[in-house]
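# Following is a predicted model, sequence given first.
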Amino acid sequence: MKLRIVAVIALLLAGPIATAQNFIIKSALPTTAPESGDDVFVPISKYFAAGNADALSAWFADNLEIAVLAKESDASRAQARQIVKTFFDTYTPRSFDINHTAGRANMKYALGTLKAGGETFNVTIFMSCKDDSYKIKQLKIERF
């Protein structure tokens, strides 16, 4: 009996070891995708809800397209931070919810709803990945 068990184990181990290792590693991983697209938007959502332009600007690319209440411009990170800060000072945020996300390998996209200053705003965020880091390349805030 012991000889049969040893023979079965030997046959199992005789197959490609890499395949067995991959199976073991993959079966131990969570079933959800590690980069679901929502991950990068979690801190961004918190900063929008808190009206924290400084923390939000850490996610800005060096240069980005920004449109706030129909005023569009290409801006540096510092300029965009000031534009968002002015918006938050005028319209104090109460809540921010992500309604939809999508993306590809190097690009993420989100649509959100910002309630601020007694009004509701649609927020569109485009992010791209460079050097293994996502940065906001386009930001649009418009009245609902």
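Sure thing, it's come through. Numbering: from 1, shown residues only.
# Give me the neighbour count for residue 101.
Residues lying near residue 101 (other Cβ atoms under 10 Å) number 17. All C-beta spots, glycine's among them, are computed from the backbone N, C-alpha and C.
# Centre-most residue in the protein?
For the chain, the residue sitting closest to the mean C-alpha position, by Cα atoms, centre = their mean, is residue 40 at 2.2 Å.
# Break down the chain into its strands, ranges please.
Ranges of strands in the chain, per DSSP state E, are 60-68, 71-76, 93-104, 107-116, 119-130, 133-143.
# Which residues are in contact with residue 87?
Going by Cβ atoms under 8 Å, 6 or more residues apart in numbering, residue 87 touches 68, 69, 141.
# Show me which of these is closest to residue 114.
Ranked by distance to residue 114 (Cβ to Cβ), these are led by residue 141 at 6.9 Å.
# and the closest residue in space to the closest one that isn't next to it in sequence, bridged to which residues?
Once flanking residues are discounted, residue 141 sits nearest to residue 68: 4.8 Å by Cβ to Cβ, 6 or more residues apart in numbering. Residue 68 has the following beta-bridge partners by DSSP bridges: residue 71, residue 141.
# which residues touch residue 68?
83, 84, 87, 140, 141.
# please redo it, this time with the cut-off set to 10 Å
When contacts are counted by Cβ atoms under 10 Å, 6 or more residues apart in numbering, residue 68 touches 80, 83-84, 86-87, 90-91, 121, 123, 139-142.
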